[in-house]
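[1] Turn this into a model:
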Amino acid sequence: MRDAYPQLRERGAEVIAIGTGGRGMAAGFVEDYAIPYPVLLDDDGRAARAAELKRMGFFRMFDPVTYAGTARAWRAGHRIGRAGKRVTQLGSTFVIGPGGEVRLEHRDRHSADHPALDGILSALRD
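    You can find the predicted model right below:
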């Protein structure tokens, strides 16, 4: 999202990341990765529960699909810092339009499952 942020802003979107760690972890993430958008904290999981996000089993982190995605991310230079309290929390991506209309809802099936940028941009065009 960081690299696509200018494209997203050109289409009138704002990106907000919600993380599972504490303030120190969020500050390190923002600094290490030069994150230009707001990063909010959900250390107690309230936002994740409100969005009905799933958690994956601990051993699922090591299955072939998840491991392959993690290996791709590692080769691309992405690193995982210290894990928060909810290391098994799965993420999601929502594109919400005017009036609260949900234009795209992607709920990650595993830790390396994220929507393609084209799909996000398409949801912004409509």
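[2] Tell me the secondary structure of the residue lying farthest from the centre of the chain, please.
    Distance from the C-alpha centroid of the chain, by C-alpha atoms, centre = their mean, peaks at residue 99 (22.8 Å). Here residue 99 is helix, with the state taken from DSSP: H, G, I helix; E, B strand; the rest coil.
[3] quick one: it from residue 30, how far?
    30 Å (C-beta to C-beta, to the nearest Å). Backbone N, C-alpha and C define where each C-beta goes, glycine included.
[4] again, but for residue 94
    Residue 94 is 21 Å from residue 30, by C-beta to C-beta.
[5] same thing with residue 51?
    As judged by C-beta to C-beta, residue 51 and residue 30 stand 22 Å apart.
[6] Then residue 40?
    Counting by C-beta to C-beta, the gap from residue 40 to residue 30 is 11 Å.
[7] Among the two, which residue is more densely surrounded?
    When residue 40 is set against residue 30 and neighbours are counted by other C-beta atoms under 10 Å, the residue ahead is residue 30, at 16 against 10.
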